[in-house]
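Visitor: sequence and predicted model, in that order:
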Amino acid sequence: MDLGIFAVFMLVAIIVAVMLGVPVSFSMGGFSLLFGLVFLGEGFIRLFPATTFGMMTAYPFVAVPLFIFMGAMLERAGIADKLYGSLYLSLGPLKGGLAIATVLMATLFGACTGVVGAGVITIGLLALPSMLSRGYGKGFASGAVLVGGGLGVIIPPSVMLIFYGATGGVSIGALFIAGIVPGILLASLDIAYIVVRALIHPWVGPAISKQERDKYSWGQLALMILTSLVPPLFLILAVLGTIFFGVAAPSEAGGMGALGATIVAAAYGKLTWKNIKESALITLRISSMVLFIAWAGKLFCAVFLSMGAMELVKRFLLGLPFGPTGILLVMLFIIFIMGCVMDWVGMIFILVPIFAPIVKALGIDPLYFGMLFCVTLQVSNMTPPFAYSVFYLKGIAPPEVSIMDMYIGSIPYFLTDLLAVIIMILFPNIILWLPSLRF
């Protein structure tokens, strides 16, 4: 019997194990070890040190802890607090203004962190109690936090894009540049929904009181915006600018970002030993988690390929009578369904090596597919019933906000993000235009 069939069984077993609550790294690593020993023999054990050494010497992975440290240090510097405070006062007088401020802050802060959990938790702690205390609908408010926090995995510099590039053989610098316009499109559609919904149903997003707004003059407000917005914006543009103009590779730009974040923390008077220590520990914890998953994913790919399953899946998908666009939609649907039950790190190391040869055979631009892959994953992360972002937010949300409130609140934002995916499929230049100027 073709070993490829058993490799597909291995994939199904991993998905079921993850749905039952087994950590992704243990699921992938454990089943890869079991199936490898049974079907490939003891010689398969040599893949363990080879895979580990290959990851330790892979240049793209150097950027992961650097960008995580950059986000952690900016968080400790109080950037998010100051940013939300200024946006809150600027947009609060509008109906739905606090939700708009939440998405805008998430867009900027997401570009600093690149990790969905960090964005949802930080923004949730700041924005959700503020919106609820001013009469915002629980679903409307929590949905804004969920969709905003998820933008961090799309807007560069993003850890997801680094892992996708390293796994799919796509330029990380090109992915960073390609993620700018889709990220802006996603944020714009989310804000458009907030504006329309607040106009139709004003009670879900009431404006802040005039007395609260009048506590600060326009000059004081402008100074608040300047001091909170310029440092992170300058840092993000500096990191992306060095990549765009070819001054630095993503790993080198990550080093500059980490240094810049430390300087910003010093300028805000937050460069204490405690903050440095906490930022380093957060970086160690998150980097260890994602790199362990990456190692298990590499091991899974080695077993999956060695058992000949790649050709089996490739023949099946290319044999579908839908044409290239139809097969692309089938792959995106698979990504979406699996993304509802699995963490994005494991998804990348399972699906990218399987889909990359198929994308090449179909003649689809790998950069174009890569961004569609990541955006679809971002949408699935906030989609019921297994929405990782919802679980992150529930852990820090006030008790009166239930998971059902979050699920209901996330549905309209899910539809706006789905619309963004459709627009990107119909108009590929939304993704490809900016990278074409540089690469």
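Guide: Looks like it came in fine.

Visitor: pretty sure residue 419 contacts residue 186?
Guide: No. Here residue 419 does not reach residue 186: they are 9.7 Å apart, not a contact under CB atoms under 8 Å. In short, each C-beta sits where N, CA and C put it, glycine included.

Visitor: these two: which has the busier surroundings?
Guide: Using other CB atoms under 10 Å as the criterion, residue 419 and residue 186 rank with residue 186 on top: 29 against 15.

Visitor: what residues sit buried inside the helix or strand harbouring residue 14?
Guide: Here residue 14, judged by DSSP states H and E, is contained in helix 3-19. Neighbour-count burial for helix 3-19 flags 4, 7, 8, 10, 11, 14, 15, 17, 18 (criterion: 16 or more other CB atoms under 10 Å).

Visitor: now, which of these sits nearest residue 123?
Guide: Of all those, residue 123 sits closest to residue 18, with 26.2 Å by CB to CB.

Visitor: how about residue 104: what's its closest non-neighbour residue?
Guide: residue 87 (5.7 Å; CB to CB, 6 or more residues apart in numbering).

Visitor: and for residue 356?
Guide: In space, residue 356 is closest to residue 168, 5.0 Å off (CB to CB, 6+ apart).

Visitor: need the longest helix for this protein.
Guide: helix 273-306 (DSSP state H).

Visitor: next one: that one to chain centre, how far?
Guide: 15 Å (CA atoms, centre = their mean, to the nearest Å).

Visitor: begin at 586 from here
Guide: With 586 as the first residue, the last one maps to helix 858-891.

Visitor: average pLDDT for the helix or strand following that helix?
Guide: Next in sequence after helix 858-891, counting helices and strands by DSSP H and E, comes helix 894-903. Taken as a whole, helix 894-903 has a mean pLDDT of 76.

Visitor: list the contacts of helix 894-903.
Guide: Contacts of helix 894-903 with the rest of the structure, by CB atoms under 8 Å, 6 or more residues apart in numbering, involve 587-590, 592-593, 596, 889, 912, 915-916, 938-939, 942-943, 946-947.

Visitor: please convert the buried residues of helix 588-604 to CSV, extending it with pLDDT.
Guide: Putting these into CSV (pLDDT from 0 to 100) gives the following:
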residue, pLDDT
589, 69
592, 78
593, 78
595, 83
596, 80
599, 82
600, 78
602, 82
603, 74
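
Visitor: other SSEs contacting the longest helix of the chain?
Guide: helix 588-604, helix 609-625, helix 632-641, helix 648-661, helix 744-753, helix 929-947 (3 or more CB pairs under 8 Å, 6 or more residues apart in numbering; DSSP states H and E).

Visitor: of these, which is nearest residue 844?
Guide: Nearest to residue 844, of these and by CB to CB, is helix 648-661 at 8.7 Å.

Visitor: related to what we said a few turns ago, who wins for proximity to residue 860 among the helices and strands packed on helix 858-891?
Guide: From the helices and strands packed on helix 858-891, taking CB to CB, the stretch that ends up closest is helix 648-661, at 4.1 Å.

Visitor: got the CA positions of the next helix or strand after the closest one in CSV?
Guide: Using DSSP H and E, the helix or strand that directly follows helix 648-661 along the chain is helix 664-676. Below are the C-alpha coordinates for helix 664-676, written out as CSV (Å, rounded to 0.1, in the frame of the first residue of the first chain):
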residue,chain,number,x,y,z
ILE,A,664,3.6,53.2,24.1
ALA,A,665,0.1,51.5,23.9
ASP,A,666,-1.2,53.5,26.9
LYS,A,667,-0.1,56.8,25.5
LEU,A,668,-1.3,56.0,22.0
TYR,A,669,-4.7,54.9,23.1
GLY,A,670,-5.1,57.9,25.4
SER,A,671,-4.4,60.4,22.6
LEU,A,672,-6.6,58.5,20.0
TYR,A,673,-9.3,58.1,22.6
LEU,A,674,-9.6,61.9,23.1
SER,A,675,-9.2,62.7,19.4
LEU,A,676,-11.9,60.2,18.1
